[in-house]
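Novice: model the following, please.
(chains A, B, C and D)
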Protein chains: 4
Amino acid sequence: MLEATTLNNEKLYRDPVHDLIILDRDCPHDRVILSAIDTVEVQRLRRIKQLGMANQAYQGAEHSRFSHSIGVLHLARRIIARLERMCPVDPEEKLAAMLAALLHDVGHGPFSHVIEKFFREDHERWTEHILLDPGTEINRVLVAHSADLPARVAAVIRGESRPGWLSLAISSQLDADRFDYLLRDAHMTGTKYGVFDLERLLLLLRVTPDGSKIYIAAKGLLPIEKYLQSRYQMYRQVYFHKTVTSAESMLMAVLDRAADMAAQGAVPSVAPGTPLAKLLTRQPLDIREFLSLDDAVLLSAMNLWQECNDPILSDLSFRLLNRRLFKALEIASTEDEDLIFGTRVVSAREFLESKGLDFRYYLRFSKSSDTPYRPYSSRGNASTIWIESQQSPGTLVDVSDVSPTIRAFTESPYTIHRAFFPAEHQGVSIREAMTSLLVG
Amino acid sequence: MLEATTLNNEKLYRDPVHDLIILDRDCPHDRVILSAIDTVEVQRLRRIKQLGMANQAYQGAEHSRFSHSIGVLHLARRIIARLERMCPVDPEEKLAAMLAALLHDVGHGPFSHVIEKFFREDHERWTEHILLDPGTEINRVLVAHSADLPARVAAVIRGESRPGWLSLAISSQLDADRFDYLLRDAHMTGTKYGVFDLERLLLLLRVTPDGSKIYIAAKGLLPIEKYLQSRYQMYRQVYFHKTVTSAESMLMAVLDRAADMAAQGAVPSVAPGTPLAKLLTRQPLDIREFLSLDDAVLLSAMNLWQECNDPILSDLSFRLLNRRLFKALEIASTEDEDLIFGTRVVSAREFLESKGLDFRYYLRFSKSSDTPYRPYSSRGNASTIWIESQQSPGTLVDVSDVSPTIRAFTESPYTIHRAFFPAEHQGVSIREAMTSLLVG
Amino acid sequence: MLEATTLNNEKLYRDPVHDLIILDRDCPHDRVILSAIDTVEVQRLRRIKQLGMANQAYQGAEHSRFSHSIGVLHLARRIIARLERMCPVDPEEKLAAMLAALLHDVGHGPFSHVIEKFFREDHERWTEHILLDPGTEINRVLVAHSADLPARVAAVIRGESRPGWLSLAISSQLDADRFDYLLRDAHMTGTKYGVFDLERLLLLLRVTPDGSKIYIAAKGLLPIEKYLQSRYQMYRQVYFHKTVTSAESMLMAVLDRAADMAAQGAVPSVAPGTPLAKLLTRQPLDIREFLSLDDAVLLSAMNLWQECNDPILSDLSFRLLNRRLFKALEIASTEDEDLIFGTRVVSAREFLESKGLDFRYYLRFSKSSDTPYRPYSSRGNASTIWIESQQSPGTLVDVSDVSPTIRAFTESPYTIHRAFFPAEHQGVSIREAMTSLLVG
Amino acid sequence: MLEATTLNNEKLYRDPVHDLIILDRDCPHDRVILSAIDTVEVQRLRRIKQLGMANQAYQGAEHSRFSHSIGVLHLARRIIARLERMCPVDPEEKLAAMLAALLHDVGHGPFSHVIEKFFREDHERWTEHILLDPGTEINRVLVAHSADLPARVAAVIRGESRPGWLSLAISSQLDADRFDYLLRDAHMTGTKYGVFDLERLLLLLRVTPDGSKIYIAAKGLLPIEKYLQSRYQMYRQVYFHKTVTSAESMLMAVLDRAADMAAQGAVPSVAPGTPLAKLLTRQPLDIREFLSLDDAVLLSAMNLWQECNDPILSDLSFRLLNRRLFKALEIASTEDEDLIFGTRVVSAREFLESKGLDFRYYLRFSKSSDTPYRPYSSRGNASTIWIESQQSPGTLVDVSDVSPTIRAFTESPYTIHRAFFPAEHQGVSIREAMTSLLVG
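Specialist: Residues are numbered from 1 along each chain as shown, chains lettered A, B, ... in the order given. From the prediction side, this is the model:
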């Protein structure tokens, strides 16, 4: 009696932030996106936490990069649908941009930013390798649609879309990526600090006729202020939380110890030639090897290392897995130079050694910094927020020129220097001694 | 100028469902709870997902048993604070009950219920072992407070608290456990199906003067109906979702294959004598070995198995890790007996073998069943919801006696029989053939 | 530098339920809708509460019919945008349907349903008058677009759209009206009982090829069950709340007293010939007079009546304004016939008279009833929920045929009979005596 | 079988912001509060909108001062329960403080701040009259508990509680009043701008040992910044919204016109000697008369005035009731002095007169101003936010001394000067001419 309807052919993703995200199997471009989602490279992101170690401070922060990637895809699609009314784009370029939104994080390694630092290689470079290498599923899926699609997606990610605003919609100060992670991280951690007026902001986004800049309509000043306030709060409350940075510093210490052991011979429970062994000996990994790394690989390695004979590797792994975290100590930033090279650090090292602790692993430093907004940056368009002038309609100004509130952010960049060390060791408290040595 | 204040001594857990959860380091009982949270046995729950494979259907469902356990502690504390006004309890028994709330899940293995089935052992038994074994940290923390605390916590979990209502507050039809998981799973999956009126329900909980029963005040009928409706929806929409059950059946197939190989000799990448090796050869694990198992151990084993020489183990691991899930096929429940032993299954097996697929791993069955509410159960108080009669104040009746809506649930238990098999194999579609063989 | 953009020409309504509701001044049909919103007839709905007296039980329930009307417009637009892909409609008929959604409540009088009962006239009849009368602003706005638009809007509201599904989208068991009020009333009262899965339901709505029926895709069974469960809860918890029905019965008593006085001569503070005077003497009101009535007119009349010489009118007005509400007493429904005509009521009346209370105003009855779902009703399509059969794709079945949960609703229609009377009078408690007289 | 339980004796208020608010009829102090809620003076607040004319811009903003007052009571109770652990208070003084929280707004007239300006009298003065006058119900309820309770409640409201922190908990920069209205107004308008981290802020509130100051623990800096950012946004987005200020200016114009007519003789439809007549002739009202005024009195007066013979009163009333609002024009604040007394205003007035518009009613000005935070104010403790110094624990500093973000607020007070006039008159557009006359 009823005719078949195309409406049955929608694929739904239920998202805790955006509710239903819908792709239509009857739309050829959506089919490409769906095939991309189903590749091993994107599915792997289910096994990498979005916020690395942040669940040590906010137990709800367990969400994966997969959820985030689907969210960025969704927001990029909404932004593009809106802005193309002002500056039309080629449908194929639009597809490349939506794929760029989905795929911008496929190059992330386990625990994201920590491994990135250990690798000394940006995840963006891995993302590009993975897209362009003919051996990956994602490459095959993209090529099946069009031979140059991998290169075009990579170009969008590098900021070289045509027109330029498509790249900006994916990565800039006002992009689908930031919009998604602020809302998602707020929802998952249970803090209320990341909430801003997404709907109004989306509505007030504009693009210049030449397609080179995304800006905000004049009446968008307050929503932008709110957005930057939210971002500022999330950085200070979540991303730079002392517990989170402490856990990250410990993961780095674990990796350093394992790498030092690898350089000397072998690491317990790590078979030579495996991707983890190569990672630790800083040998180049091929793409297949890189992609085999996920959070579970490191977690289960530490699980085994807990029981190994090396007292340092065992102790550090045990501490990190069981949340016996290093004490985080904030250090006045002006003293930083002095600290790193100066007498205080020497004394602290000597103290730790006197307690039988190798300072290379048991005294770590970090520097977290963020400027919620940085005007006229040398990094160009992607790091400036333009707004139409209220006084001179038709001209664009830097948002910090018209908002004292935002200017306050630009004038006080936020940097925290921290030292990390065990609060106690084998039942002996070393917290006070270290604190007095390091901050006087 | 300011005096030191005790208010600075609170430990906060930010929870996405309950907002702030507060423990007071100046309160001796809270200090015991805080020490219990910090044990390796509880911290391990951070590495076990609350919903096992449910993130395959709802990408947000990444939350851990740790978050849930803290939530249950919080709700148990609220319920007890309320009900002890009606039926006072010994403070030490109260502490035991709150610890029981926190610790009721420490015996869960990786991917919770799947491993439980593979082990053929309840997680409750492991929980009791872990509490009572003098080798565990949690045992030492509890004993440090009082020698019989481990046994008393175990008694509460077994349903033997004195008075009885403390056990019911932790585990019954109206307990802190269910209250927390419905709200949490709803928040994390992004469905709205699990929301009910927690605040009103908490307020309307009552306990009989002899402490043997928890019941609901007469005016609580509508909130109870809402609660059971929500539970019904969560079971059908999330816990019994076809994608979730398919992924679970595949995990079971992977484990069965690995176990069969282990029985024959060895499993690739699993060193003999390791906990995983023992698990697969069904040797008894000691507590330390059991506790070393978490989601990451299985995930990284499958990560290696993907590359191994056994085509079945490799194929199944690859499928599961990369979400090439078996097709789930609903089977009319009346045909079930016939199916399992009958000619249809024989034909389906023959078909799969003809395609080179070993039916032991490539044809799986499951039965999900739930009665949202079951009256006058033989399992006693814990499975009956009592409500004060509107007509005869002072007497309790089974809630299904006064609610046609709830009676409808009891009369239609919900059971889904499903078969699972690959939709395609090596590029060949086998979905239709199997479907027609199995359901005609 | 920047070109003028059409994107600046959007009118936003910020809605607490649907977030931003957007109309585009550059779209001719949206301009008609915007003009309709700005008419005096629609603006008047800002001065009529959506839930009448419900704020006596739920203090948050202060929202107006205006907010609701904008919400219904928004949802109707979304439903139509979806369904017209399956069954195309003429753009002008679509406009008529959206206007019908916006305007379906313009015929409501103050405190909505109470006045309707007092008038003994449906608000739908007034709505039609207002649309068709050339003296109204809304008529002029519609005619300015097209001469027959008022008649076409009225036809949609009467259920006579072509195709028929447009009327069903506005008024049926699954319509924009119910969808909006359940969510809005839940948000405003702060109960969680009205929440359902709007997004999924919208996605699963379907229309038959002949355009005569709206139905739900087979996989929509659970969302529909949830929706009907929510509706059931809202009726019982909010709309039929005893405090709400008590306040409504008192408003009716106030009006009855004022009308009885008007029939005898005059009502204090009501100038003869005013709309209120006509209302009370049950003279026909013209449209202009009807539209001058809003909540404030009745509230300020009662404000004056509090101080008047008639002890009954003064007492009742004082009680209602200051929430000295009548006691609501639930009466077993089987006794109802007996009660209304029988000896119990006679005794109760005699008792009240003995205390100096005129039973005509101080003893009131109400009957609230709802069947959350009624299958195969004689009222036709609008009151049946059709769902595509899982077993026989392509055929439609009544949803209660496939859901035991929904069948439970249909089998137990929900009717509450209540009596209302003062709990005390001039310092004397009369509650117990009346209770024992009326329910024994 | 069951004993009677005191738990059945709780009165619940369901609140959209705070969920359940619970008072216990078995607690003597709660009984006083419940009696106070049930007085005519508090019930009257149900008939006065919290946000006056803000529903003209945000249609959801229909909530009453009653809901807000219950919310402030709830938060005051939570703050006091927390802080009295640091600085104990006499239970009777605590009761006075909670009543002060509930009653602080009983002196508000219709549309709150507009009438206040018209009266040229603070609502606080009326509040005090109402509390102290033996003729009011609230006075009788308070006196029934203790003869000096009215005076003590008034003292708390005046800022003279003992200890001082109780007054600060009700009215200061960090008080129950602001906490409630930001969250409530955000929920009701549907904006997300007013949300802050209430739970953490409540937890970090402290009081000095001498009870003279409320401050924030050192770790509360970020929650305070968030709170002030939210407040800043709510002022700019909601309270000072151009549409809201326009409607307020028109209400003032209506009242001015009616008062001018009253001074000349009589106002249509307003009986001499009624409270409204006295209000318009600026005769002193007694308390009973004042309390008879609510939103409905003014709304129904305007309803009648729409039809009256005076073209100005009729036109203005019609415009306001039907949302034909004056155009709001922002004026550079430096030009303000010039504008008010200068040639621009003279020209604008002449232009309006030439169009037959009386400038006294058709050209209005407003000045909205707020400093989200003002340090070291001459108004003393109530307007400073103190925070414990991170560097020197035990000493308090002004929060703007340690936060560049907050300092930015103090340095840029926010003042908007606006002019209001009809956009068109009798079909003639006058918007452009006026705009060019007023802003050049």
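
Novice: excluding sequence neighbours, find me the nearest residue to the residue of the stretch 101-250 of chain A found nearest chain C.
Specialist: Relative to chain C, the nearest point of the stretch 101-250 of chain A is A:Glu199 (4.5 Å; Cβ to the nearest Cβ). Heads up, the C-betas are built off the backbone N, CA and C, glycines and all. Excluding the flanking residues, the one nearest A:Glu199 by Cβ to Cβ, 6 or more residues apart in numbering or on different chains is C:Leu20, at 4.5 Å.

Novice: tell me which other helices or strands the host helix or strand of the one you found touches.
Specialist: Counting by DSSP states H and E, the element that carries C:Leu20 is strand C:19-24. Judged by 3 or more Cβ pairs under 8 Å, 6 or more residues apart in numbering or on different chains; DSSP states H and E, strand C:19-24 is in contact with helix A:198-204, strand C:10-15, helix C:28-37, helix C:65-83.

Novice: surely the residue nearest to A:Glu199 is in contact with C:Lys11?
Specialist: No - C:Leu20 is not in contact with C:Lys11 according to Cβ atoms under 8 Å; the separation is 10.5 Å.

Novice: tell me how far the nearest residue to A:Ile115 once chain neighbours are set aside lies from chain B.
Specialist: With sequence-adjacent residues excluded and distances taken as Cβ to Cβ, 6+ apart, A:Ile115 is closest to A:Gly109, at 3.8 Å. Going from A:Gly109 to chain B by Cβ to the nearest Cβ, to the nearest Å gives 14 Å.

Novice: what's the answer for A:Tyr193, then?
Specialist: In terms of Cβ to the nearest Cβ, A:Tyr193 sits 11 Å off from chain B.

Novice: nearest residue to that residue in space, please, no chain neighbours.
Specialist: A:Gln233 is the one closest to A:Tyr193 (Cβ to Cβ, 6+ apart), at 3.7 Å.

Novice: which strand or helix spans that neighbour?
Specialist: Using DSSP H and E, A:Gln233 falls in helix A:221-234.

Novice: now for that helix, which elements pack on it?
Specialist: helix A:176-189, helix A:198-204, helix A:399-402, helix A:404-411, helix D:221-234.

Novice: in the third one, what's buried?
Specialist: By that I understand helix A:399-402. Buried residues in helix A:399-402, defined by neighbour count with 16 or more other Cβ atoms under 10 Å in any protein chain shown: A:Val399, A:Ser400, A:Val402.

Novice: the last one contacts A:Leu221, doesn't it?
Specialist: Yes - in this structure A:Val402 lies within contact range of A:Leu221 using Cβ under 8 Å: 6.5 Å.

Novice: okay, and the common contacts of the two?
Specialist: Shared contacts of A:Val402 and A:Leu221 (Cβ atoms under 8 Å, 6 or more residues apart in numbering or on different chains): A:Ile387, A:Gln390.

Novice: so how far is the longest helix anywhere in chain A off the chain centroid?
Specialist: Longest helix of chain A, by residue count under DSSP state H: helix A:242-264. With Cα atoms, centre = their mean, to the nearest Å as the basis, helix A:242-264 stands 19 Å off its chain's centre.

Novice: tell me which helix or strand comes right after it.
Specialist: Moving toward the C-terminus from helix A:242-264, the next element (DSSP H and E) is helix A:275-280.

Novice: which neighbouring elements make contact with that next one?
Specialist: Against helix A:275-280 (3+ Cβ pairs under 8 Å, 6+ apart) you get helix A:242-264, helix A:287-292, helix A:295-305.

Novice: among these, show me which one is buried the most.
Specialist: Mean neighbour count (mean count of other Cβ atoms under 10 Å in any protein chain shown) peaks for helix A:295-305 among these, with a mean of 23.

Novice: ramachandran angles for A:Arg418?
Specialist: When read as degrees, to the nearest 10, the backbone of A:Arg418 gives phi -130, psi 150.

Novice: can you report how many residues neighbour it?
Specialist: 20 (other Cβ atoms under 10 Å in any protein chain shown).

Novice: what comes into contact with stretch A:265-274?
Specialist: Contacts of stretch A:265-274 (Cβ under 8 Å, 6+ apart): A:258, A:261-262, A:276-277, A:280, A:301, A:304-305, A:308-310, A:313.
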